[in-house]
Each structure stands twice: as structure tokens, then as C-alpha cells.
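Novice: The sequence and its predicted three-dimensional model are supplied below.
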Amino acid sequence: MNETSACIDGHQKLSLPTDHLKINKYYGPDDPSFKKVYPEIWKMAQNAVKVVEQRFNPRTIVQDDLGVPKAHLECLRFLFLTNPHEDLAAIRRLKGERVKGTCEWLLVQEQYTAWLVEDGLQLLRLIGGPGIGKTMISTCLVDELEKRARISPTMTFAYYFCDNKNEKRNTATAIIRGLLLQLLRQHHVFFRYIQPEFNLRKDALFDNFDALWQILCKILGDFNEGQIYILIDALDECEESTRRALLFELGKLFTPTGTAGTANIKFVITSRPEIDDELPDIGKYIRVDSAKVNADLSDFINVKVDELPSRFPGALKKDIKEVLTKQAGGTFLWASLVLDGISKTKVISKVRAKLLELPSSLGQVYDRILKSIDDENKEDAILILQWVVIARRPLTTRELAMARALDFKKWKRNVLPQADALEELNYDYRCCEPLLYHDTKTDTINLVHQSVKDYLLGSAILKNGELSRYYIAADKTNLLIFQTCWRFLSMEEFNQGRTIIKRDEQNRLKPVSLPKEYFDSYDFLLYSSKEWQEHALAASPALVTDYEFKQDTLEKASTLRDSWLLRVAKEGHGAVLQQLLEKGAELEAKDYGDRTPLSWAAENGHEAVVRLLLEKGAELEAKDYGDRTPLLWAAWRGHEAVVRLLLEKGAELEAKDDGRTPLLWAAWRGTRRW
């Protein structure tokens, strides 16, 4: 028999000896095949009533905080970054609903059904190239696994959709936070693993990947009476360094000493093949290729062509279906973009000529779109694409308009542009369609697909003659965005930055907590005040070579300048730090915890930066709010070279914070696992 028709979906598959004489007729209770099958049939019969009752009375999967005990609400509030259920709803809204019947080929794949029912720790990897429909497959899996969870009281399901274009959804820490949010909402008992850590560290806990991973592992290891299914979509869109940390820890789970123990934990991950070498050869995998998705793609093309305007005659629609199905190569995105171009053809008689000259790849599709941009719009298109590709989250139409209005070549005043000037820029993004689209619900401008970003940042377009001007150099574009944010924040409306970061009477810098109404009054304020330092850090190579540190510009916005100094010391960007100091930044600038640049550099082990600060005369014994000196911070974090350097410069060996010396901190750290 065909395996699909012979097996009951969702149950263990049992391979029986081939015996064409008996088929499945057992000669008695001692028949080997009967012995193998009987326990499974008995188990199904024993659970039949329960299963039927569950199917008639499916449970509700908790997706909010309404039932969370009051004592845990603050912890959950700080844990929250984005709501994965809302993220999925946005994906469905923007990509459209799945064409009926598509993606269901996966549900009968042997690797999938085995992953679904086998006990213990399981990993399934779905690997495919860009535009082949992996995220749509993930939405299908969410539907399927949520349906199973509703009829199975022992099953818990959590999922996460990564998004490279959104800084809240492109790190390993964000993934863990999203999964923990769902698990804690469904099982309040697991707050016992996170609440004590939250009470100790407060919101600092939620920026610590290692601490969050350990909490997740404790929850997984405690789940012995049921199953947890976890789906992570588009893991390749997770920032590389944090993704490697996640995959390293995930690989450790599958070792004999893995912390998940014997729990029934099922991971399914979708990604591009580029990250194959980052994960050990564990688990099952399915290659999502054209052979598997062609039937789905054909259905997709048929539905979308039928939706073309009535001015397309039936015979032409039939020819479009045939040509696109033949040439799509399993790539939904290619078919969608080509159809978009066809639908905009004003002279219907030209469509057949277009069908004869279809691009053969996504790259060629993007080439044609860029070449079709009018000469008068090219400079605007270049700037718009730079912002949309490099911005740390999708920008609203008003934010993008303000960013463009503040372009250094056009705006020379120290006050913000008027509203009417922005209105004229609100819809200019349309010159980049269909590479960009407008999400009307959130009023944001988005890339149509991650592959557009890869294309514009890639070396191929740099070598492509007339299109090379569209190439986006990440560091130089980060520099552009940083300069625009700085210009905005140092405007007169914000008191040259002091409305954003103030300096108190103790000479400490503190970001100002502004009301929502204030942010609503100024387009671009929320983005620039939150992200300017991140863009400055990402622009470090270009800052050193292409940026002129002007003393008067820095002095005018001195609170921004000194806040920037503290951040580059913390991150170890010595060349930028030296430039800031040379242009008047305060060597002993302090944040609101009384931390100096030397304190931050010492804690994070940046030996070269510590040496530079000491050469400039930084205070060795500067104490923060907890009476910790730079030496105490370096000893606590275990940075031997920095400790040695500070002692050579005369740091107080017996300095104490609440009675603890550097020696005590170093000894204590040696007994802890971080």
C-alpha cells in the first residue's frame, strides 16, 4: 500500500516484515507483527474516548496576561518585547492568506511525521532558498500545531517569526523572550524559574541571553508530563553573532548531558541553507525545493492570475499561467513580482512580449525594477532605499519624510521643517515599488522581502555598471542615519539635545522620560532618540575615515556628545573615543549610575580603551553608585589584563564596595557559572 494511505497521521509508524502471503493477517498472539502492532492499537483504543471528547471540546490557548497572577505581571511586562501572535497576524495581513491546500505536502513527509510523534528531544530543520515560501509553510505549521494543541491537554506550543528588518525581532535574545512569554502565559507554575532572577536583576535580566537561555532550559527540563513544540521561522534573519550563540546552545541540548533530559521537546526551524554549518549534524531535515512546492506554486499562480483585472482576456490569462508555472522555478516571490509587473501593463497587447522576456532570477527581477525608475526619481529612490534597508525597524511615512527633509544637502537651518514640507514627501516611496510596500495598518514602509536587502547590500550590484549607484554600503549608510539623527536631536526645539539627555546638578547624564504626547508631536523623535547611538556604533569604520568631528557641533549638543563618549567606551571603540576626547568630550562624564568611561571600559575588558583613558588622565578611583571602582569591575568580570594594567597604574588594591575587595570578587567569580 501507499505509505500515506496506510498510516494514520500523527501516530507512530511501525515497519512490519514483508510477507506477501499473509499481508497483515496474523496467525496468533505469538505472531511477531501482531506483537508489534497490538500495544499501539490497545493504546489508541484506551485513549479513544478521551481523544474524541477533546476534539469536541477543544481548549483555548492562552495568548494574553488576563489570568497571570498579579505578583508576576511586572516580570511579564519587562519580558515583553513583541507579541508573536500579533507578529504572525501582521505577516498574514501583509503576505495574504495561504492559498487553500498549499503547504500541506509537508504534513505527510516521513521526516515530519516521525518528528511529530517520536518521544524525547527532536529537531526538524526546513531548509530552502529565498522566496520559496518557507514563512508561508511556517504559518501552515502554526495552524496545524495549534489545532493539535487545542485537542491535547498535555501539548504546549510556542512559535517565533524572526525579522531582519525589525531590531525587536532579529536577535537570539528576542527569540528567547518571545518563547518565554508564551510558555509563561500558558503555564504560570514556570514563573518559579524566572521570578527570582527578575527580583534580583530587574530589567537587566532581559538583555542577558545566557541567563534567559538557562531559564528556558529549566522550563524545558521540567516538562516531563507532556510535550512542548517550538517553531522558529527564518532563523537566518537573526543577527549572526547572537544566532551562533543560540545554535551553539541548541546543539548542546542534544548531547548526552543536555539540560532538557528526557523531556519531549520538539523544535522545528526554518532557514536558508547558508546557516547549515552553524549547527551540528543533528535532527531531521527537509529540503524545501522546487520539486516539493511546484504543485503549491501552480495553485498560487492560478489564483493570482484569476485575480488580474477583467481587461485581461481569458485566453491571455491562460497563457500567463502556463508561462509563469513553467519558469517560476519554485519561487513564489519571483512569480508574485513578475505578476505585479504584468498587472501594471497599460497596453494589454504588450503582455505577450513581456512573457517572452521574463527575468530568470530574483536578482534580474530587482535589476529591472531599478532600471524602470525614472531618471528624475533616481536620487530620491537611492536615499529612500538606504533608509529602509538600514533602519533598525520599519519607519512610518512621516519618519521617512522627516529623515529625507533633514538631508544635509538640502536643509541648512537649526529648526525643524514645517509640516507642509513633510506632506510633499510622504508618498515618494512609491518610486521604489514594488521593492517597497506601505503597511496601512501600522503606516510603515517595508521591504517586500529580505532578499531585497541582500541584493542591495551584495557585491553583485556593486559590479553592475548603471545599477552600482544603488549599492548600499552599511557603514556609510549608518553614518548618514546617525548624522541625520544627531541633526534632528540637536535642533532648537529640543534645546540642542538637552531635552533628550539632561545633565543634573551632580554632572550626571540621564535620558529624559518624555510623555507619549511629546513623541506624537514630533515625527522622528522616537526613532532618533532611541537609535542614534546604535547607528553611530554601526558606522564606526566610516566615522573614523569619512566623518569630520567638529568641536563646535559637538559642544552645542554636549549632553549627546558625552553620552556618546560613555557608549563608545563601553563598546570598546577606541578610535572614535579618542576623536571625541580631542574635540572636547568630558573625560569624567558620568551616567546616572555614576559610571565613567573608564568604569565601563574596565568592566567590559577593553584593555586598549582603558590604556587610552588612563593616558588622558582618567580618575583611577572613581566610584559609582555602588562604590565600585574600575578595578573592582574588572576583577568581578574576570578581565585579568585590565586588572593588571590598573594595578600597574596605581589602582587601590584594597578598594571595597560594601566590604568586598577586588580579590574577593575575583575569587567569588571563580566559583560561579555565568
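Specialist: On my side now, so go ahead. Residues are numbered from 1 along each chain as shown.

Novice: gap between the closest residue to residue 329 other than its chain neighbours and residue 110?
Specialist: Once flanking residues are discounted, residue 329 sits nearest to residue 290: 5.6 Å by Cβ to Cβ, 6 or more residues apart in numbering. All C-beta atoms are positioned from the backbone trio N, CA, C, and that covers glycine. Residue 290 sits 20 Å away from residue 110, going by Cβ to Cβ, to the nearest Å.

Novice: List phi and psi for residue 330.
Specialist: phi 80, psi 10 (degrees, to the nearest 10).

Novice: That one: neighbouring residues, count only.
Specialist: By the criterion of other Cβ atoms under 10 Å, residue 330 has 20 neighbours.

Novice: same deal with the one 10 residues further on?
Specialist: By other Cβ under 10 Å, the residues close to residue 340 number 15.

Novice: Tell me where this structure is predicted with low confidence.
Specialist: Counting by pLDDT under 70, the chain has low-confidence residues at 1-25, 49-57, 258-262, 408-412, 668-674.

Novice: Domain-wise, how is it divided?
Specialist: Split into domains by automatic domain parsing, the chain comes to 3-56, 70-288, 309-358, 371-472.

Novice: what's the closest of these to residue 653?
Specialist: Shortest distance between residue 653 and the domains of the chain, using Cβ to Cβ, is found for domain 70-288: 28.5 Å.

Novice: where does that closest one sit relative to the chain's centre, distance-wise?
Specialist: Counting by Cα atoms, centre = their mean, to the nearest Å, domain 70-288 is centred 12 Å from the centre of its parent chain.

Novice: Over to stretch 557-566?
Specialist: Relative to the centre of its chain, stretch 557-566 is centred 29 Å away, using Cα atoms, centre = their mean.

Novice: likewise stretch 450-470?
Specialist: Counting by Cα atoms, centre = their mean, stretch 450-470 comes out at 23 Å from the chain centroid.

Novice: Please spell out which residues along it are buried.
Specialist: Neighbour counts over stretch 450-470 (16 or more other Cβ atoms under 10 Å) mark 450, 451, 452, 453, 454, 455, 456, 457, 461, 464, 467, 470 as buried.

Novice: Among the residues you listed, which are located in helices?
Specialist: Counted as lying in helices by DSSP state H, out of the buried residues of stretch 450-470, are 450, 451, 452, 453, 454, 455, 456, 457, 461.

Novice: right, and the last one touches residue 469 too?
Specialist: Okay, so that is residue 461. No - applying Cβ atoms under 8 Å, one finds residue 461 not in contact with residue 469, separated by 9.4 Å.

Novice: ok so, going back, kindly indicate which of the ones in helices among the buried residues of stretch 450-470 lies nearest residue 518.
Specialist: residue 453 (32.2 Å).

Novice: picking that back up, distance to residue 599 for the domains of the chain - can I get that in CSV?
Specialist: Converted to CSV, these look like this (distance: least, Cβ to Cβ, whole Å):
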stretch, distance to residue 599
domain 3-56, 57
domain 70-288, 16
domain 309-358, 49
domain 371-472, 27
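
Novice: between those, which gets nearest to residue 491?
Specialist: The nearest among the domains of the chain, by Cβ to Cβ, is domain 371-472 at 5.6 Å.

Novice: now, among the ones in helices among the buried residues of stretch 450-470, which is nearest to residue 91?
Specialist: Using Cβ to Cβ, those come closest to residue 91 at residue 450, 12.5 Å.

Novice: surely the closest one meets residue 237?
Specialist: Yes - using Cβ under 8 Å, residue 450 is in contact with residue 237, at 5.8 Å.

Novice: okay, now residue 477: neighbour count?
Specialist: When neighbours are counted by other Cβ under 10 Å, residue 477 registers 23.

Novice: ugh, wrong one, residue 73
Specialist: For residue 73, the count of nearby residues is 11 (other Cβ under 10 Å).

Novice: next one: residue 650
Specialist: Taking other Cβ under 10 Å as the neighbour definition, residue 650 ends up with a count of 10.

Novice: How about the secondary structure of the residue nearest to it when sequence neighbours are not counted?
Specialist: With Cβ to Cβ, 6+ apart as the criterion, residue 650 has its nearest non-adjacent residue at 6.3 Å, and that residue is residue 620. Following DSSP: H, G, I helix; E, B strand; the rest coil, the label given to residue 620 is coil.
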